[in-house]
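Visitor: structure of the sequence below:
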Amino acid sequence: MNSMHESLASTFFVTGGTFAAVSAFGILIRRDLSAWKRFLLIGFLGSTFVSALNPSCADTPSTTEGASTGGGAAPAALAIFPRGMAAPVA
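Guide: Sure thing, here's the model as predicted:
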């Protein structure tokens, strides 16, 4: 149960941080970012779709029981790599 709370808190802070970063970017460049709406929406939907349907996500240690990371699906950036191919470590 504790890992669920950590996961929710982590998700909240990542979302809040992303919102703050995009807001600061918009304020700094002083331009209307609404032209990016369609591009960002398609990117978000594509990333979500690939993450949800890629079968290699089920093989990641973060989705197994007892994982110390709190569970969850693999990040969308890792979802494009076929099975057996290692993703670059950032």
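Visitor: tell me where the chain has helices.
Guide: For the chain, helices defined by DSSP state H occupy the ranges 2-29, 37-53.
Visitor: how about the shortest one: buried residues?
Guide: Neighbour-count burial for helix 37-53, counted by 16 or more other Cβ atoms under 10 Å, picks out Ser51. In this view, the C-beta of every residue, glycine as well, is placed from N, C-alpha and C.
Visitor: got the angle for that helix vs helix 2-29?
Guide: Relative orientation of helix 37-53 with respect to helix 2-29: 160 degrees, computed using axes from the mean of the first three to the mean of the last three Cα atoms, to 10 degrees.
Visitor: mind giving me the domain ranges of this protein?
Guide: With domains defined by automatic domain parsing, the chain comprises 1-31, 34-81.
Visitor: average model confidence for the first one?
Guide: Mean pLDDT, taken over the full extent of domain 1-31, equals 87.
Visitor: repeat for stretch 54-64
Guide: On average, stretch 54-64 scores 59.
Visitor: before we move on, what about stretch 36-49?
Guide: Mean pLDDT, computed over stretch 36-49, is 91.
Visitor: how about that stretch as PDB, C-alpha atoms only?
Guide: Extracted in PDB, the C-alpha atoms of stretch 36-49 (Å, rounded to 0.1, in the frame of the first residue of the first chain):
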ATOM      1  CA  TRP A  36       1.800  23.600 -30.600                       C
ATOM      2  CA  LYS A  37      -1.500  22.100 -29.400                       C
ATOM      3  CA  ARG A  38      -2.100  19.600 -32.200                       C
ATOM      4  CA  PHE A  39       1.600  18.500 -32.400                       C
ATOM      5  CA  LEU A  40       1.700  17.900 -28.600                       C
ATOM      6  CA  LEU A  41      -1.600  16.100 -28.500                       C
ATOM      7  CA  ILE A  42      -0.600  13.700 -31.300                       C
ATOM      8  CA  GLY A  43       2.700  13.000 -29.500                       C
ATOM      9  CA  PHE A  44       1.000  12.300 -26.300                       C
ATOM     10  CA  LEU A  45      -1.600  10.000 -27.800                       C
ATOM     11  CA  GLY A  46       1.000   8.200 -29.800                       C
ATOM     12  CA  SER A  47       3.200   7.700 -26.800                       C
ATOM     13  CA  THR A  48       0.300   6.500 -24.700                       C
ATOM     14  CA  PHE A  49      -0.800   4.100 -27.500                       C
END
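Visitor: thank you kindly, that will do.
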